[in-house]
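# task: produce atomic coordinates for the following.
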Amino acid sequence: MALPRYISCALLAFCAAAHALTAGLYTNPVYRADMPDPSVIRYGAYYYAAGTTGARRKSDGRIFTLLRSRNLVNWERLGGALNPPFEDHKFQYWAPELTSNAGKYYIYYSVGGAEPEKFALRIGMSARPEGPYNDLGVQLIDCESNRFTIDPFPFRDDDGQWYFFYARNFTNFTSEVHPGTAIVVDRLLDMTHLAGDCHVVVRAKHDWTLYEAHRRMDVYDATFDWHTIEGPCVVKHADRYYCFYSGANWQTPRYGVDYVVAERPLGPYSDGGDHARVLSGVPGHVRGPGHHSIVTGPDGKTQYILYHAWDPAMNARQMCLDKLEWTPEGPRCVPTDTGQPMP
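Purely as a prediction, here's the structure:
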């Protein structure tokens, strides 16, 4: 009996990955189960990764998938990361972001969904990178009290000052700026309090970031051609600040990664590109790559992007790994599905 096409594809991919590893290569995805919005960070000898679980809870009752690896390719499952702060199973938990400071480990995340278009940013903390993380009972309030705040990204500059990048909704628009979700930055007074001094990092100005045309949003009593810019990831390179972001509809092949750049963390930032310049899909091979992390590999110098992309059946967003290149035209990454040198 012939196997269904998507099972055959998965089996062939698994065999190819196994062969690649024996040859000193790896093949994407590096984690085959569902792992949306991967946040990856190195603590000591290990890399840790956390991914979105939505309303689902892990077998240990926690939320957010937590993984550990020594080489960015072979990942060990650690269970769930965060003890859920709410008993109500209607809540969705999105986009965990890992960081540490002063010997404590933090997980920033977005929670909501019990009310339409209402998501808030919260923080969990643990004494160990393996968790469990416990919610601190603190909500990070947008300076305009926006009801939809997602995708947190804390960033520590070389002078020790922390900044907080996140996405929120903008309903105002002009002929040059689209309505939609976009990215702002604020200063962190400490790990749990914002200064209340928001600066716009990037808003949608190009057609490729369209999420949905004629989108009815009852919470605003309006219909929009809604655009989405989300998933900030900030890297300092050659004394400039690069805010990478994902754009478009995450369910479509158009989803990809672009960036803006500034001389200071609070900006002003350059405009984004008219397409996803850093990372975009490859028809028939890679669909919807994005919402990523950037880390330095085990060699201490090569940078990699870890991102999610759809499996062939579009049942899971799997975690993938590819090298980040700094070219004269800017940062670039080519998504792969063939054997690549191990990090």
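
# following the chain onward from the helix or strand residue 216 falls within, which element is next?
Element membership of residue 216, judged by DSSP states H and E, is strand 210-217. Elements were assigned by DSSP H and E; along the chain past strand 210-217, the next helix or strand is strand 222-237.

# mean confidence for whatever helix or strand comes next after that following strand?
Going down the chain from strand 222-237, the next helix or strand is strand 240-247, by DSSP H and E. Regarding strand 240-247, the rounded mean pLDDT is 98.

# start the count at 86 instead of 1 going forward.
In the new numbering, first residue 86, that becomes strand 325-332.

# just how off-centre is strand 325-332 within its chain?
11 Å (CA atoms, centre = their mean, to the nearest Å).

# kindly report the same for stretch 111-119.
That offset, for stretch 111-119, works out to 16 Å (CA atoms, centre = their mean).

# show me the contact partners of that stretch.
Contacts to stretch 111-119, defined as CB atoms under 8 Å, 6 or more residues apart in numbering, come from residues 95, 98-99, 101-102, 105, 134, 136, 150, 152, 157-160, 371, 391, 394, 396, 400-407, 420-425, 427. To be clear about C-beta, it is placed using only N, CA and C from the backbone, and glycine gets the same treatment.

# list the buried ones in it?
111-117, 119 (16 or more other CB atoms under 10 Å).

# for residue 234, which residues make a bridge with it?
When bridges are called by DSSP bridges, residue 234 pairs up with residue 253.

# next one: it, what pLDDT does it get?
In this model, residue 234 carries a pLDDT of 97.

# so it sits against residue 228, correct?
No: using CB atoms under 8 Å, residue 234 is not in contact with residue 228; the gap is 10.5 Å.

# so among the contacts of stretch 111-119, which ones count as buried?
Here, 16+ other CB under 10 Å leaves 95, 98, 102, 105, 134, 136, 150, 152, 157-158, 160, 371, 391, 394, 396, 401-407, 420-422, 424-425, 427 buried among these.

# rewinding a little: could the buried residues of stretch 111-119 be laid out in a markdown table, adding pLDDT, distance to residue 238 and secondary structure?
Below are those laid out as a markdown table (pLDDT from 0 to 100; distance: CB to CB, whole Å; DSSP: H, G, I helix; E, B strand; the rest coil):
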| residue | pLDDT | distance to residue 238 | secondary structure |
| --- | --- | --- | --- |
| 111 | 98 | 26 | strand |
| 112 | 98 | 29 | coil |
| 113 | 98 | 23 | coil |
| 114 | 98 | 23 | coil |
| 115 | 98 | 22 | coil |
| 116 | 98 | 21 | strand |
| 117 | 97 | 26 | coil |
| 119 | 98 | 21 | coil |
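
# any chance of CSV for those, columns distance to residue 126?
Shown next, in CSV, are the buried residues of stretch 111-119 (distance: CB to CB, whole Å):
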residue, distance to residue 126
111, 20
112, 24
113, 20
114, 19
115, 16
116, 15
117, 21
119, 20
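
# name the nearest of these relative to residue 337.
Nearest to residue 337 among the buried residues of stretch 111-119 is residue 119, at 18.0 Å by CB to CB.

# how far away is the closest one from residue 402?
For residue 119, the distance to residue 402 (CB to CB, to the nearest Å) stands at 6 Å.

# quick one: residues contacting residue 227.
So residue 227 contacts 206, 234, 251, 253, 269, 283 (CB under 8 Å, 6+ apart).

# before we move on, back to that, out of the buried residues of stretch 111-119, which is nearest to residue 380?
Using CB to CB, residue 115 comes nearest to residue 380 of the buried residues of stretch 111-119, at 12.5 Å.

# would you map the helices across this structure?
Taking DSSP state H to define them, one finds helices in the chain at 90-107.

# just the pLDDT at the residue nearest in space to the middle of it, thanks.
Of all residues in the chain, the one closest to the mean position by CA atoms, centre = their mean is residue 376, 3.3 Å from it. pLDDT recorded at residue 376 is 98.

# go on, residue 248?
In this prediction residue 248 is given a pLDDT of 98.

# residue 198 too?
89.

# just residue 154 next, same as before
Confidence at residue 154, expressed as pLDDT, is 98.

# quickly list what it is bridged to.
residue 132.

# my read is that it contacts residue 160, right?
Yes: under the criterion of CB under 8 Å, residue 154 makes contact with residue 160 at 4.7 Å.

# identify the contacts common to these two.
What both residue 154 and residue 160 touch, as defined by CB under 8 Å, 6+ apart, is the set residue 134.

# could I have the buried ones of the contacts of residue 227 as PyMOL selection syntax?
Selection of buried members from these for PyMOL, criterion 16+ other CB under 10 Å:
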select buried, resi 206+234+251+253+269+283
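
# dihedrals phi and psi, residue 213?
phi -140, psi 150 (degrees, to the nearest 10).

# hey, what's the residue lying closest to it once chain neighbours are set aside bridged with?
When the adjacent residues along the chain are set aside, residue 213 lies closest to residue 190, with 6.6 Å between them (CB to CB, 6 or more residues apart in numbering). Beta bridges link residue 190 to residue 185, residue 211, judged by DSSP bridges.
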